[in-house]
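1. Take a look and give me a structure for this.
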Amino acid sequence: MKEDLENIVQSFGAPFSGCQNFEVLENGDMIFSHMLSRIEAAQNYILFETFIYWNGKIAQQFTDALIKKAKEGVKCYVIFDGYGCQKVDQEMIQKMLDNGIELTFFNPLTWSNFFGQKPLNQRTHRKILIIDGKDGYIGGVGVADKWMGNASNPSEWRDLHFYIQGRVLNDLQSAFLDNWMEYETAEIDPSLLYYHPEDDKAGDPANIIMSSPSAKHNNLNKLIKLAINKSKKSLKIMTPYFIPSHETLQALKKAAKRGVDVQIIIPGQFIDQKIVTYCSRYFWLECIQSGIKLFRYQPTFNHSKVFLIDDNWVSVGSSNFDYRSLKLNEEANLNVLSQKVARKVKSIFEKDKKLSKPVSEEELINRPFATKLLDWLASSLRRVL
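-> Numbering: from 1, shown residues only. Prediction:
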């Protein structure tokens, strides 16, 4: 089975390299302190790409930390998404630029771009941080105060980020450079970057899979569907936006019907976009009747993104389980084949499941007609939400 998984994963991404260290970081307090401590320790360069960077306390902390390192001579390269980072003010951006930080906006919302080759609907949703080629982060957390705290109340979002080390960081750097080189803001000197040698085989088998519509390689979408089709025992998914395409939904239903234990944790009453709940709910009854188990997380908005196959293969990163992530956005996911890593992620999944409420067939059937109509209307937006 492991060889089958290795062949599947490698057929859609870079060859396997080693992930020597894999740490699950939970919620903003732990995640941000960990990232800022590694930024503080940077000696040569920092690569940072994010979809969300909003004015607030934590953005100021990151800005101050990056400026401090730039003044010390550390090369800092930053990619902000042109849509997702609109809530950062120009004064903060200018301060970064004035202090030597190389910063560019991915697909900015300008009049000229309305008629450009890249659709304005195409965003970089990647959340990548690499320090000196030796410390890396990937996951779902943006830089905004909504993520601060420890998910202890509805105003503090629940999320996961992942700290990694090893030769797989070579692939993560390639994911960053994939977008950086589209914009000639500043050329990165290749001699600056540290790459782990090819003979470094230490760690669990791992790779980075990117999805980039502009390059016409939606490898992540293909990988997810094939993984569902090849699953034997279990699929455990956590996603803030469960809006599957027709093909993906059919694959999940077929998996459940052949005996695969399909469990999906989705947001409960707390979510940043209510229309996503309406659209998603349109598909829930079909899922439940096919044997898929749905759980709604109760304490706060759960923004975590986890895909666990057969308790052996973990896929984590920026990708949601929706059309936008799998078809429109620039995404990056880390894949690790390891029972040890899978156990770490599974324990988080089970912990969150205990804080979730199962979705029942009865409650879906008994929805008021107006609610069913609203869900049906919202489902027509599945390709753009």
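2. ok, Asp375 to Ile266 distance?
-> 14 Å (Cβ to Cβ, to the nearest Å). For every residue, glycine as well, the C-beta is placed using N, CA and C.
3. likewise Glu40?
-> On the measure of Cβ to Cβ, Glu40 and Ile266 end up 36 Å apart.
4. Quick check on these two: which one has the bigger neighbour count.
-> Neighbour totals were compared for Glu40 and Ile266, and Ile266 leads with 24 against 11 (other Cβ atoms under 10 Å).
5. So the more buried one: helix, strand or coil?
-> strand (DSSP: H, G, I helix; E, B strand; the rest coil).
6. what's the nearest residue to it if we skip its chain neighbours?
-> Phe242 (4.8 Å; Cβ to Cβ, 6 or more residues apart in numbering).
7. again, but for Leu172
-> Gly136 (5.0 Å).
8. Is it correct that that neighbour is in contact with Asn170?
-> No: using Cβ atoms under 8 Å, Gly136 makes no contact with Asn170, being 9.9 Å away.
9. Can you pick out the residue with more neighbours from the two?
-> Taking neighbours as other Cβ under 10 Å, Gly136 and Asn170 compare with Gly136 leading, 28 against 21.
10. what's near enough to touch the more buried one?
-> Ile128, Leu129, Ile130, Tyr163, Ile164, Gln165, Val168, Leu169, Leu172 (Cβ atoms under 8 Å, 6 or more residues apart in numbering).
11. which one of those sits closest to Asn99?
-> Distance ranking of the contacts of Gly136 against Asn99, using Cβ to Cβ, places Leu129 first at 18.6 Å.
12. How about the closest one: which residues does it bridge to?
-> With beta bridges defined as DSSP bridges, Leu129 has these partners: Phe48, Tyr137.
13. per-residue pLDDT, it?
-> Looking at Leu129, its pLDDT reads 98.
14. how much space between it and Phe176?
-> From Leu129 to Phe176 the distance is 9 Å (Cβ to Cβ).
15. any idea which of the contacts of Gly136 is closest to Leu328?
-> Distance ranking of the contacts of Gly136 against Leu328, using Cβ to Cβ, places Ile128 first at 18.4 Å.
16. what's in contact with the helix or strand harbouring Val341?
-> Using DSSP states H and E, Val341 falls within helix 339-354. The contact list for helix 339-354, computed with Cβ under 8 Å, 6+ apart, reads 19, 22, 24, 26, 158, 160, 204, 236, 238, 263, 265, 295, 297, 302, 304, 306, 308, 311-314, 316.
17. Also stretch 89-102?
-> 55, 59-60, 63, 66-67, 70-71, 75-78, 103, 185-186.
18. How about stretch 360-377?
-> Contacts for stretch 360-377 (Cβ under 8 Å, 6+ apart): Tyr278, Cys279, Arg281, Tyr282, Trp284, Leu285, Ile288, Gln289.
19. can you tell me which of those are in strands?
-> Among these, DSSP state E puts none in strands.
20. among those residues, who's most crowded?
-> Ranking the contacts of stretch 360-377 using other Cβ under 10 Å puts Cys279 first, with 25 neighbours.
21. Quick test: name the residue nearest the centre of this protein.
-> Note on the chain: the residue nearest the mean C-alpha position is Ser318, at 1.2 Å, using Cα atoms, centre = their mean.
22. residues contacting that one?
-> 51, 125-127, 138-140, 305, 325, 329, 331-333.
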